[in-house]
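Asker: no FASTA, just this:
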């Protein structure tokens, strides 16, 4: 018969204990089963591993076998422990990509909660626009994506989470932002609109016309808000993208027909989620539900909510 890792583990345990009885107790086996396993191992190796039947002293072959077998047994046990820890979300690595507005507003608390119960899991977060997030998932650079749905067919499973309303973002002393009343599309005519990646998906004809006349596009949200605060123009952003209470900035709701963006979870088609990813998504959805129940999600509508 072939030498197995299980038989080597029995041998290492007996060698360390110096007797069969204690080794059997540690292994959860009967002394007779341990004794038979040792005899079979010696037969497979072709020599005696102990100097006597009492198993108190290793033979030269036993000492050599022990020096080779122990690191292998320990390595296997470490591997088993790591696998079990991964399954229990006590270890592992989670890579995800997320649109900046969600990464900056919701994920900090999600990650904090997740880390409390899964401190052994490493997290790598990349923030990017929705198209880049989808590409990262498709190319398997990340396991999870949080973004708007793909605009073209991709091998991706998309599950919607919530809708977020677009708002007009302007200086707090801008005429359109002074009273906070909803702004109609007609009022945006003649405004210097700063284009951005999030608003590029808005299909409203008035917005398309305004975007066609725009001479400035800013992709980074923080830079975009700085431009608005300096008076370079106005822009349209999802409400979640604008930090609450940001000085010098006003967020004005759009009059009907208002515009929304949809955000959901992206995973690769045909690939199940890891235990860590499943736990992270559960924590994320729990936070969304709590915020919605407490009224802490201004402008957001959760899918599945009444």
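Answerer: Alright, I've got the coordinates. These figures come from a predicted structure and were not determined experimentally. Residues are numbered from 1 along each chain as shown.
Asker: how much space is there between residue 61 and residue 138?
Answerer: Noted for residue 61: a distance of 55 Å to residue 138, by CB to CB, to the nearest Å. The way it works is simple: take the backbone N, C-alpha and C, and place the C-beta from them, glycine included.
Asker: What are the boundaries of the helices in the chain?
Answerer: In the chain, the helices defined using DSSP state H lie at 5-17, 20-27, 31-45, 60-87, 100-105, 107-117, 130-138, 205-213, 221-229, 275-294.
Asker: which stretch among those comes nearest residue 173?
Answerer: Smallest distance to residue 173 across these (CB to CB): 10.5 Å, for helix 221-229.
Asker: ok, back up a step: in JSON lines: the helices of the chain, plus mean pLDDT, distance to residue 256 and mean neighbour count.
Answerer: Listed next are these as JSON lines, based on pLDDT from 0 to 100; distance: least, CB to CB, whole Å; neighbours: other CB atoms under 10 Å:
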{"stretch": "helix 5-17", "mean pLDDT": "92", "distance to residue 256": "69", "mean neighbour count": "20"}
{"stretch": "helix 20-27", "mean pLDDT": "91", "distance to residue 256": "73", "mean neighbour count": "17"}
{"stretch": "helix 31-45", "mean pLDDT": "92", "distance to residue 256": "77", "mean neighbour count": "16"}
{"stretch": "helix 60-87", "mean pLDDT": "87", "distance to residue 256": "49", "mean neighbour count": "14"}
{"stretch": "helix 100-105", "mean pLDDT": "88", "distance to residue 256": "23", "mean neighbour count": "19"}
{"stretch": "helix 107-117", "mean pLDDT": "92", "distance to residue 256": "31", "mean neighbour count": "15"}
{"stretch": "helix 130-138", "mean pLDDT": "93", "distance to residue 256": "25", "mean neighbour count": "21"}
{"stretch": "helix 205-213", "mean pLDDT": "82", "distance to residue 256": "13", "mean neighbour count": "14"}
{"stretch": "helix 221-229", "mean pLDDT": "90", "distance to residue 256": "24", "mean neighbour count": "18"}
{"stretch": "helix 275-294", "mean pLDDT": "88", "distance to residue 256": "22", "mean neighbour count": "17"}
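Asker: Dump those helices into TSV; add distance to residue 173 as well.
Answerer: Shown next, in TSV, are the helices of the chain (distance: least, CB to CB, whole Å):
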stretch	distance to residue 173
helix 5-17	74
helix 20-27	76
helix 31-45	84
helix 60-87	54
helix 100-105	24
helix 107-117	30
helix 130-138	32
helix 205-213	21
helix 221-229	11
helix 275-294	31
